[in-house]
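[1] What follows is a predicted structure for the sequence shown.
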Amino acid sequence: MGATKTDFFTEKQNQIATIAKALGHPARIAIIEYLLKVNECICGDIVNELPLAQPTVSQHLKELKNAGLIKGNIEGNTICYCIDDKAFEVLNTYFSNIISTVKKQNCC
């Protein structure tokens, strides 16, 4: 089989792209903001906070979890979600480096 397009980029570039893609939907941003606001693991309340059906919210949660932005712990019949700080640390480092570089440039 041939190489996929992602094979031409570094692991870090692919990681940032995966995280950015996961953050590319307003419902996912709303989920992240809600988890930050409550500052604890949430099991069922997320559906009540969004104007979306439960299966749609579950799909968004799955995308955020696959990107490493949230963690899910099984408690009984439910999964409790909270922020996974590792992915946000990656984003913080990435964007801090960009901002630092841009501030040093004397362009246009």
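    On my side now, so go ahead.
[2] Using the three-state scheme, assign Tyr81.
    Secondary structure for Tyr81, judged by DSSP: H, G, I helix; E, B strand; the rest coil, is strand.
[3] roughly how far apart are it and Ile31?
    Using Cβ to Cβ, to the nearest Å, Tyr81 is found at 8 Å from Ile31. Just so you know, the C-beta spots here come from the backbone N, C-alpha and C atoms, and that holds for glycine as well.
[4] Can you check which residues contact both of the two?
    Common contact partners of Tyr81 and Ile31 (Cβ atoms under 8 Å, 6 or more residues apart in numbering): Ile46, Leu61, Ile70.
[5] So in this protein, which helix runs the longest?
    Counting residues, the longest helix found in the chain (DSSP state H) is helix 85-104.
[6] what comes up buried for stretch 14-22?
    Gln15, Ile16, Thr18, Ile19, Ala22 (16 or more other Cβ atoms under 10 Å).
[7] quick one, phi psi at Val47?
    phi -60, psi -40 (degrees, to the nearest 10).
[8] Can you get me a residue count around it?
    As a burial measure, Val47 scores 15 neighbours (other Cβ atoms under 10 Å).
[9] just Ala30 next, same as before
    Ala30 is flanked by 17 other residues according to other Cβ under 10 Å.
[10] any idea how far it lies from Glu40?
    Ala30 is 17 Å from Glu40, by Cβ to Cβ.
[11] thinking again about what came up before, can you tell me which of the buried residues of stretch 14-22 lies closest to Ala87?
    Lowest distance from Ala87 to those (Cβ to Cβ) belongs to Ile19, with 5.6 Å.
[12] Looking at Tyr81 and Ile31, which is more packed in?
    Neighbour count, other Cβ under 10 Å: between Tyr81 and Ile31, Ile31 has more, with 24 against 21.
[13] Now for that one: which residues touch it?
    Contacts for Ile31 (Cβ under 8 Å, 6+ apart) come out as Ile46, Leu50, Val57, His60, Leu61, Leu64, Ile70.
[14] what's the pLDDT at the first one?
    So the one you mean is Ile46. Note on Ile46: pLDDT of 87.
[15] Hmm, it is touching Lys37, no?
    No - using Cβ atoms under 8 Å as the test, Ile46 is too far from Lys37 to be in contact (11.4 Å).
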